[in-house]
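Asks: Quick one, fold the following:
(chains A, B, C and D)
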2 protein chains.
Amino acid sequence: MDTSSLLREHGLRVTDARVAVLELLQGSTRALAQHDVEAALPGTADRVTLFRVLQAFEEVGLAHKVMDASGVACYAACKAGCDTHRHKDTHAHFRCSECGAVFCLEHVELPKVKLPAGFKLRESHLELEGMCKGCVAVV
Amino acid sequence: MDTSSLLREHGLRVTDARVAVLELLQGSTRALAQHDVEAALPGTADRVTLFRVLQAFEEVGLAHKVMDASGVACYAACKAGCDTHRHKDTHAHFRCSECGAVFCLEHVELPKVKLPAGFKLRESHLELEGMCKGCVAVV
DNA sequence: TTCGCATTCGCAACCCGGTTGCAAATATGC
DNA sequence: GCATATTTGCAACCGGGTTGCGAATGCGAA
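Replies: Residues are numbered from 1 along each chain as shown, chains lettered A, B, ... in the order given. The predicted structure follows:
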């Protein structure tokens, strides 16, 4: 599926900024902060536009949003199976404590947890922390 | 163990702000944002002081820091077994999507996960999301 | 191809949590 | 009670996130 069709299919108009960002996300193994996107696509769009593009992607189910260790939002392209109302909900993330990169891990089984009485579970996310391949290599 | 001794034991001087904040955290079932602490202890200390108190608690192992859904830091008193260099590392948090509260869950088993080649795991955190007792009751 | 309208963009400005530098206040050991 | 290292409060700064609004643009219809 090409990028433009993918955008249209999710109800978004096709613009330079959106195409560029979506392709960037799709080509990345890690989740990118707005900051990273700005750096990777210099001069492509205003920071507000990037903010809105990423926000829109999350709303329509084109990208996941995940917080890095310091609380800044990072985005990763969704795989097929996500849509506006329901993102793939069993999802794991790996955060590198060296470089701060966030990686998405697919196919992770999550444990059953018993919650205190009265609590209702909706989603589970497993957050892993350690060193990524690149940083292990450097040290 | 009383609060003052606990502070001294962790190498911190005993001050009004620290005692008040530590007791607040210990008496709370949920993790508190700096904002919450300010609201709970009006006039006790400047926001910078609260920031530094919470920061100090985390450094010496008196409190855990955990991000809420929007990336703001929340703190919860550590149970015995945490120290300066090593916080209890298998820990689960429950975030209420209604009120934003963060609860700590003890005694949760985490699954083994196989990471991509070259990655090194150090800690795991399970993040659960849903509705807390109070919010379920309201709806 | 051109037109019209709804959407999107860029800018300026604002908000808020987090953070620092520094001088005044204070906890602690003697 | 004194000296000193730590802690506090203030003012100010920072950066990510967010909004309002007029200008530019995508896209369906003519």
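
Asks: taking the mean pLDDT, what do you get for the lengthiest helix in chain A?
Replies: Longest among the helix segments of chain A by residue count, using DSSP state H, is helix A:47-60. Averaging pLDDT along helix A:47-60 yields 97.

Asks: List the buried residues in that helix.
Replies: Across helix A:47-60, burial judged by 16 or more other C-beta atoms under 10 Å in any protein chain shown covers A:Leu50, A:Val53, A:Leu54, A:Ala56, A:Phe57, A:Glu58, A:Val60. The way it works is simple: take the backbone N, C-alpha and C, and place the C-beta from them, glycine included.

Asks: and chain A, which residues reach chain B?
Replies: Taking C-beta under 8 Å from any C-beta of the partner chain as the criterion, chain A approaches chain B at residues A:67, A:70-73, A:92, A:94, A:97, A:103, A:105, A:108-111, A:113, A:115-133, A:136-137.

Asks: Is A:Leu105 in contact with A:Glu127, as I believe?
Replies: No. Contact status for A:Leu105 versus A:Glu127: not in contact, 10.4 Å apart, counting by C-beta atoms under 8 Å.

Asks: contacting residues for the spatially most central residue of chain A?
Replies: The residue lying closest to the centre of chain A (C-alpha atoms, centre = their mean) is A:Ala76, at 2.4 Å. Contacts for A:Ala76 (C-beta atoms under 8 Å, 6 or more residues apart in numbering or on different chains) come out as A:Leu25, A:Ser28, A:Arg30, A:Ala31, A:Leu32, A:Ala63, A:His64, A:Val66, A:Val102, A:Cys104.

Asks: Dihedrals phi and psi, it?
Replies: When read as degrees, to the nearest 10, the backbone of A:Ala76 gives phi -140, psi 140.

Asks: element containing A:Gly100, please.
Replies: A:Gly100 is part of no helix or strand when elements are defined by DSSP states H and E.

Asks: got the residues of chain A near DNA strand C?
Replies: With C-beta under 7 Å from any atom of the strand as the criterion, chain A meets DNA strand C at residues A:12-13, A:15-18, A:45-46, A:48-49, A:52-53, A:56, A:70-71.

Asks: Mutual contacts of A:Leu105 and A:Glu127, please.
Replies: A:Ala92, A:His93.
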